[in-house]
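Peer 1: the following comprises the amino acid sequence and a computationally predicted model.
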Amino acid sequence: FSQYAKSIGIGGIAMAGIIGIVRSWSIIKSAVSLAAKEMGGKKAEANVVRTQKDLSMKIIAIGSIITIILVALFFYFDVMQGNLLHTIVAIVLVAGISFLFTTVAANAIAIVGTNPVSGMTLMTLILASVVMVAVGLKGATGMVASLVMGGVVCTALSMAGGFITDLKIGYWLGSTPAKQQTWKFLGTLAVSYTHLRAHETSAHL
């Protein structure tokens, strides 16, 4: 098993992720194109129906940048123990994988209702391990770094899958996507703050 079957399993998971990205490439391109047009100042059509209105892409971009900065600071001061090169490589890898894999996960949820989060998280662990070893991060620190990177991507995939499910139900009920997006962000911030306070309390005790 360790010499043969496990290698086939890992390769199968990795290839499935690559195939998923390739098959979803047209969706990724169209999403990036729409985002670029809106960021470039092109106004959306004024007669867009309420059930098709989303939050401004500028808000999404600002939120994404802030999130990436916070994750990078966490990597630098904690996970990578102050190593700038390892931090840059890790945040670029995590941001790129999250962007690609969340699109695949969202598409899978929309079509079949199943989130392939486990397979994509395992692929992230594989990629993170290979890349971080290549830049010189090995041993226990490298293993922890790879696991944390996988955890960040896993969280992104889980959030994307859950939100796509919310949007599906909202579409059936006739809700406004922008309203759902706003409350989703606020709910995520509230839960994160509550979890942080609980962690601080348990650490103090």
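Peer 2: It's in.
Peer 1: wait, residue 182 sits on residue 55?
Peer 2: Yes: Residue 182 is in contact with residue 55 according to C-beta atoms under 8 Å; the separation is 6.7 Å. Backbone N, C-alpha and C define where each C-beta goes, glycine included.
Peer 1: okay, these two: which has more neighbours?
Peer 2: Comparing residue 182 with residue 55 by other C-beta atoms under 10 Å, the one with more neighbours is residue 55, at 16 against 13.
Peer 1: next secondary structure after the longest helix along the chain?
Peer 2: In the chain, with assignment by DSSP state H, the single longest helix is helix 139-173. Moving toward the C-terminus from helix 139-173, the first helix or strand encountered (DSSP states H and E) is helix 177-204.
Peer 1: buried ones in that following helix?
Peer 2: Neighbour counts using 16 or more other C-beta atoms under 10 Å place 177, 180, 181, 184 of helix 177-204 among the buried residues.
Peer 1: sorry, back to before: show me what the longest helix of the chain is packed against.
Peer 2: helix 84-112, helix 117-134, helix 177-204 (3 or more C-beta pairs under 8 Å, 6 or more residues apart in numbering; DSSP states H and E).
Peer 1: which element, helix or strand, includes residue 48?
Peer 2: Counting by DSSP H and E, no helix or strand carries residue 48.
Peer 1: swap in the one 10 residues further on?
Peer 2: Remark: residue 58 resides in helix 57-74, with elements defined by DSSP H and E.
Peer 1: which strands and helices sit next to that helix?
Peer 2: Using 3+ C-beta pairs under 8 Å, 6+ apart: helix 57-74 touches helix 25-39, helix 84-112.
Peer 1: quick check: which of these is nearest to residue 72?
Peer 2: helix 84-112 (4.4 Å; C-beta to C-beta).
Peer 1: rounded mean pLDDT for the closest one, please.
Peer 2: Per-residue pLDDT over helix 84-112 has a mean of 86.
Peer 1: any buried residues in that helix, and which?
Peer 2: Going by 16+ other C-beta under 10 Å, helix 84-112 has these buried residues: 86-87, 89-91, 93-95, 97-98, 100-109.
Peer 1: equivalent analysis for stretch 65-80, please.
Peer 2: 71, 72, 75, 76, 79, 80.
Peer 1: greatest separation within those residues: which pair is it?
Peer 2: Farthest pair in the buried residues of stretch 65-80, by C-beta to C-beta: 71 and 80, 11.6 Å.
Peer 1: hmm, back to that, now the helix holding residue 58, how far from the centre of its chain.
Peer 2: Mean C-alpha position of helix 57-74 versus that of the full chain (C-alpha atoms, centre = their mean, to the nearest Å) differs by 12 Å.
Peer 1: ok, the nearest residue to residue 58 once chain neighbours are set aside - how many residues close by?
Peer 2: Closest residue in space to residue 58, ignoring its immediate chain neighbours: residue 39 at 6.6 Å, by C-beta to C-beta, 6 or more residues apart in numbering. By the criterion of other C-beta under 10 Å, residue 39 has 13 neighbours.
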